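A.B. asks: Structure for this input, please:
(one chain, ligands or ions: 1)
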Amino acid sequence: MNQFLEDVLKGLSAKDKYLQSKYFYDAKGDKLFQKIMTSQEYYPTKCEYEIFTEKTAEIVSVLTELNTEFDIVELGAGDATKSFYLLKELVERKINFTYFPVDISGNIINQLYSQLPQRLPELRMQGLNGEYFAMLEKAKILSNKIKVVLFLGGNIGNVPHEKAGEFCKAIRKHLLPGDLALIGFDLKKNPKTILDAYNDKAGYTRDFNLNLLLRINDELKGDFVIENFYHFPTYDPSTGACKSFLVSSTEQQVNVADESFHFAEGEAIFMEIAQKYTIEQTDELANKSGFTPMHHILDSKGWFLDTVWKCCEGF
Ligand SMILES: C[S@@+](CC[C@H](N)C(=O)[O-])C[C@H]1O[C@@H](n2cnc3c(N)ncnc32)[C@H](O)[C@@H]1O
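C.D. replies: Predicted coordinates for the structure are as follows:
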């Protein structure tokens, strides 16, 4: 059985139904995410874009302080909207590095291959299509330099807070002392600002979530009736958990491959978490996962943090 089918059947059979958000990203999902990034309400991209365009020199100086050659591995690179500016600065400064964008979406890796060489002809790039950790292992074989791992945007937030330590330890295990991670964290702020970002008026986030049901219909012989589900985001300011659900508007049965699933009216499928942090929580996360926090870079509103962590010895 293919992994996508296995994961979907498992999620829909659970007492509290869920789907894994890594499956959002087919060609349509990639386009919808790009639309979300341009929506007025989706501030994380704007904040991190400001950091990567206005504080590029600060990021470069943290990397060049290493005084050794490095390669860049970007986990969940997407269309490299923000990392592009760092890559451009490094290329212009004639720094000798290779860029390894990692993404589960083959479509986005192809897009990077068709667009980045046009925008940045001197960039050395090798795309890695697959899951984070398997591709990090591949990058280790392909590069013998210090790794600078970029993990930007909302990606770390898609890991629930209680599992983030385990996840960061897993990243650390694939790295060596001296390697760096530059991780983007969306910070806690006015709850309404956060909730609005996941409920844009144009409906891109709604369509992005519903697109996974369409993908299941197309690829796994599903028969979801899209009109029978509505998008329902929530934000809990005490825990920082921002969650997206698709809720069944009626009692219904849905078939996927040869299995049937019953939905009560009002029953939800948990789709994705976008965890929000305080700066102190990100430092704690680094310290308990084998990293030392080295440098904080914030946007002008103080809404988003890009933090640089160094892999400690003896982990
Ligand atoms: C929310 S987008 C963010 C893209 C980019 N980091 C940014 O900040 O603009 C997440 C990206 O991570 C990729 N992704 C999600 N889960 C993944 C996984 N388990 N392994 C590899 N890539 C993954 C998706 O395909 C998508 O391109």
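
A.B. asks: Quick check: end-to-end length of stretch 46-62?
C.D. replies: Start-to-end span of stretch 46-62 (Cα to Cα, to the nearest Å) is 22 Å.

A.B. asks: List of residues touching it?
C.D. replies: Residues lying outside stretch 46-62 but in contact with it, judged by Cβ atoms under 8 Å, 6 or more residues apart in numbering, are 81-86, 89-90, 93, 152-153, 180, 182, 184, 294-295, 297-301, 303-304, 306, 308. In this view, the C-beta of every residue, glycine as well, is placed from N, C-alpha and C.

A.B. asks: from the chain's centre, how far out does that stretch sit?
C.D. replies: Relative to its parent chain, stretch 46-62 has a centroid offset of 18 Å by Cα atoms, centre = their mean, to the nearest Å.

A.B. asks: got the contact list for stretch 82-100?
C.D. replies: With Cβ under 8 Å, 6+ apart, stretch 82-100 has contacts from 45, 48-49, 51-53, 56-57, 59-60, 63-64, 69-74, 77, 80, 116, 119-120, 122-128, 135, 139, 142-143, 145, 150, 152-153.

A.B. asks: which parts of it are buried?
C.D. replies: Across stretch 82-100, burial judged by 16 or more other Cβ atoms under 10 Å covers 82-91, 97-100.

A.B. asks: Please enumerate the helices of the chain.
C.D. replies: If you assign secondary structure with DSSP state H, the helices in the chain sit at 3-13, 27-38, 43-54, 56-64, 83-92, 106-119, 132-142, 161-173, 191-197, 204-219, 279-288.

A.B. asks: how about the residues of the chain near the ligand?
C.D. replies: Applying the criterion Cβ under 6 Å from any ligand atom, the portion of the chain that neighbours the ligand consists of 22, 25, 33, 76-78, 81, 102-105, 108, 131-132, 152-155.

A.B. asks: Is it possible to get a markdown table of the helices of the chain that adds mean pLDDT?
C.D. replies: Shown next, in a markdown table, are the helices of the chain (pLDDT from 0 to 100):
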| stretch | mean pLDDT |
| --- | --- |
| helix 3-13 | 98 |
| helix 27-38 | 96 |
| helix 43-54 | 98 |
| helix 56-64 | 96 |
| helix 83-92 | 98 |
| helix 106-119 | 97 |
| helix 132-142 | 96 |
| helix 161-173 | 96 |
| helix 191-197 | 98 |
| helix 204-219 | 98 |
| helix 279-288 | 98 |
